[in-house]
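Colleague: Provided below for reference: sequence and predicted model.
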Amino acid sequence: MPFGAAKRELPENDEFVRIGAVLVLLYWRDNEMYLVLTKRREDLHAHAGQISFPGGKQEPLEPLLTTALRETEEEVGIPTTAVRSLGQLTTVYIPPSGFLVHPFVGYYQNGAPPQFIPSVSEVSQVIEVSLTTLLDPETAVVEPWNFKGHEVLVPYFAVQEHKVWGATAIMLSEFLERLRVVINSS
């Protein structure tokens, strides 16, 4: 697997760190387990056009799981009461936006597959991807990209016509590694 351990150091002055939470939402569709990603609108200030898990900024005094659930409802229309929490992944710091993101994993427990209602102000596309696809080694890709005149090798997941990279790829990679451990131990 081309994804290694992420550098997860916080800046020394944390007064500019913003706290957020995202949800890796699992659900059944056509006898396969899926998860949902979103493509952010191109006109957004931060991470425009990028692929991400539903989530966002924590409100004052709000528990982090509540943040992830609330933001998922706001972004893709899944009621908070329809999700059962399964646990949490490793917190990830995103230097470009100053966010410290707490990823949670949850299961859509309403029986039938979810009907997503994307937020027109934040989401340009809802992306449903099966865990079978994500566990396929061909989905994990590394290629050279040019960043500010420098060529760097960037790991990403090739999902449909999208490249899932950066913090979302870090969280997704950890989730898939944990899933592989469960699969291999059964």
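Modeller: That came through fine. Everything numeric here is computed off the predicted structure, so don't read it as measured data.
Colleague: pLDDT weak spots in this protein?
Modeller: Applying pLDDT under 70 to the chain picks out residues 1-15, 42, 44-49.
Colleague: try 90 this time
Modeller: 1-17, 40-50, 94-98, 110-111, 120-122, 147, 183-186 (pLDDT under 90).
Colleague: Where do the strands of it begin and end?
Modeller: Ranges of strands in the chain, per DSSP state E, are 18-29, 32-40, 51-52, 55-57, 83-88, 92-94, 99-108, 123-130, 140-147, 150-159, 162-164.
Colleague: closest one to residue 185 among these?
Modeller: Closest to residue 185 of the strands of the chain, according to C-beta to C-beta: strand 83-88, at 16.1 Å. Glycine gets a C-beta too; all of them are placed from N, C-alpha and C.
Colleague: out of the strands of the chain, nearest to residue 170?
Modeller: Across the strands of the chain, closest to residue 170 is strand 92-94 (C-beta to C-beta), at 5.5 Å.
Colleague: that older thread, output the strands of the chain as CSV; include the columns distance to residue 68.
Modeller: Below are the strands of the chain laid out as CSV (distance: least, C-beta to C-beta, whole Å):
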stretch, distance to residue 68
strand 18-29, 4
strand 32-40, 13
strand 51-52, 12
strand 55-57, 6
strand 83-88, 9
strand 92-94, 13
strand 99-108, 5
strand 123-130, 16
strand 140-147, 25
strand 150-159, 21
strand 162-164, 18
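Colleague: Nearest approach to residue 71 belongs to which of these?
Modeller: Among the strands of the chain, if distance is taken as C-beta to C-beta, the winner is strand 55-57, at 4.0 Å.
Colleague: which other residues reach the closest one?
Modeller: Applying C-beta atoms under 8 Å, 6 or more residues apart in numbering, the contact partners of strand 55-57 are 18-23, 67-68, 71-72, 74-75, 99, 101, 103.
Colleague: Scan the residues you listed and report the most crowded one.
Modeller: residue 68 (31 neighbours; other C-beta atoms under 10 Å).
Colleague: What's the separation between that one and residue 43?
Modeller: Using C-beta to C-beta, to the nearest Å, we find residue 68 at a distance of 24 Å from residue 43.
Colleague: re the thing from before, any idea which of the contacts of strand 55-57 is closest to residue 167?
Modeller: The closest of the contacts of strand 55-57, once distances to residue 167 are taken by C-beta to C-beta, is residue 101, at 6.3 Å.
Colleague: just checking, the closest one touches residue 170?
Modeller: No - using C-beta atoms under 8 Å, residue 101 makes no contact with residue 170, being 9.5 Å away.
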